[in-house]
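**Student:** the sequence and its predicted three-dimensional model are supplied below.
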Protein chains: 2
Amino acid sequence: MNLEIERKYRVTDRSYRTGATRCTYYKQGYLSTNPAATVRIRIAGGQAFITVKGTTTGCSRQEYEYPIPVADAAAMLDGLCQSGLIEKKRYLYPYAGHTWEVDEFMGDNEGLVVAEVELQSESESIALPPFIGREVTGDSRYYNSNLAKTPYRDWVEKE
Amino acid sequence: MNLEIERKYRVTDRSYRTGATRCTYYKQGYLSTNPAATVRIRIAGGQAFITVKGTTTGCSRQEYEYPIPVADAAAMLDGLCQSGLIEKKRYLYPYAGHTWEVDEFMGDNEGLVVAEVELQSESESIALPPFIGREVTGDSRYYNSNLAKTPYRDWVEKE
């Protein structure tokens, strides 16, 4: 089990693309979008995982992740993930001692770009890269499990 | 991925205990009881698994199972499995070329005993041991995911 502590922000421009050390295509779906325990299937960079996440408390969340065969993941994404699938490109952007993950969503979530940074503790201070906008940590609309059900395209208020 | 093909029966007496080759204590719970994709956490015989099962069609069902650390499973059973937990003893009973699994439920499902046999094909013929009663294959009340939510104790009609 990991305790995932992270902060999440909207992104104001695409300058992260310059300086990003990696860009990986992610495809994922949800076997459960119940907030008490989401169960995610993800394929990324030729690997696949099943991931269980608990409820978010503050900016912490229990997380359990296990590698699984890509063929199993593909079959589950096709056949068992009920709500929509999430497709995104994830850029890794190192900045002032932290590695930011910048997710450029595609498909029904096209236009949404979100940056996350993982912390060692809830009180850890971080320097924000220039493309960082409004903080959205804890805003459940931005949970990928909710973006699968209510994609950005359907949001009334997009800012 | 396995395609699980099985038939399930009520059990009329405890004679399976004589002749059983193994008895293992199972504790399990569900991260999702959605029939389209149940997600089960199980601890049994010092091992733990996360298991995804799809919808039952006839007596077949897609199944994906992966070993996980017992400590993770214990934490998920305690903290993330929303509905009730299932506890049972499983006896293995070899009979006429098949190995039957006889589940003696405990706790809120005390009194319920169910036997399952796995088949190679839906049309395979099987010999029934003497303790086998009524067939309940496909009766969703007997799914362990449903017994976690609506245990045998709460059934109005128990036969």
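**Tutor:** Now that the structure is in, tell me what you want to look at. Residues are numbered from 1 along each chain as shown, chains lettered A, B, ... in the order given.

**Student:** residue A:66 contacts residue B:52, correct?
**Tutor:** No - Residue A:66 is beyond contact range of residue B:52, at 11.5 Å (criterion: C-beta atoms under 8 Å). In this view, the C-beta of every residue, glycine as well, is placed from N, C-alpha and C.

**Student:** joint contacts of these two?
**Tutor:** residue A:50 (C-beta atoms under 8 Å, 6 or more residues apart in numbering or on different chains).

**Student:** settle it for me: which of the two has more neighbours?
**Tutor:** Per other C-beta atoms under 10 Å in any protein chain shown, whichever of residue A:66 and residue B:52 has more neighbours is residue B:52, with 25 against 15.

**Student:** how about the residues of chain A by chain B?
**Tutor:** Within reach of chain B by C-beta under 8 Å from any C-beta of the partner chain, chain A has these residues: A:1, A:31-32, A:34, A:36-37, A:39, A:50, A:52, A:54, A:62, A:64, A:66, A:68, A:71-72, A:75-76, A:79-82.

**Student:** who touches the residue nearest the centre of chain A in this structure?
**Tutor:** By C-alpha atoms, centre = their mean, chain A has its centre lying nearest to residue A:144, at 5.7 Å. Shown in contact with residue A:144 (C-beta under 8 Å, 6+ apart): A:28, A:40, A:86.

**Student:** what separation do you get for the residue of chain A found nearest chain B and residue B:15?
**Tutor:** Using C-beta to the nearest C-beta, residue A:32 is the residue of chain A that sits closest to chain B, at 3.6 Å. Separation of residue A:32 from residue B:15 (C-beta to C-beta, to the nearest Å) stands at 40 Å.

**Student:** where exactly do the strands run in chain A?
**Tutor:** A:2-11, A:22-32, A:38-44, A:47-57, A:60-68, A:86-95, A:98-105, A:113-118, A:132-135 (DSSP state E).

**Student:** paired strands for the third one, with orientation please.
**Tutor:** Meaning strand A:38-44. strand A:22-32 (antiparallel), strand A:47-57 (antiparallel) (DSSP bridges).

**Student:** which one of those lies nearest to residue A:136?
**Tutor:** Smallest distance to residue A:136 across the strands paired with strand A:38-44 (C-beta to C-beta): 12.2 Å, for strand A:47-57.

**Student:** show me the shaky parts of chain A.
**Tutor:** A:59 (pLDDT under 70).

**Student:** could you point out the longest helix in it?
**Tutor:** In terms of residue count, the longest helix belonging to chain A (DSSP state H) is helix A:70-79.

**Student:** CA atoms only for that helix - export them in PDB, please.
**Tutor:** Extracted C-alpha coordinates of helix A:70-79, given in PDB (Å, rounded to 0.1, in the frame of the first residue of the first chain):
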ATOM      1  CA  VAL A  70      -1.500  -6.100 -21.100                       C
ATOM      2  CA  ALA A  71      -3.800  -8.500 -22.900                       C
ATOM      3  CA  ASP A  72      -6.000  -8.900 -19.800                       C
ATOM      4  CA  ALA A  73      -6.100  -5.100 -19.400                       C
ATOM      5  CA  ALA A  74      -7.100  -4.600 -23.000                       C
ATOM      6  CA  ALA A  75      -9.900  -7.200 -22.600                       C
ATOM      7  CA  MET A  76     -11.100  -5.600 -19.400                       C
ATOM      8  CA  LEU A  77     -11.000  -2.100 -21.000                       C
ATOM      9  CA  ASP A  78     -13.100  -3.400 -23.900                       C
ATOM     10  CA  GLY A  79     -15.500  -5.600 -22.100                       C
END
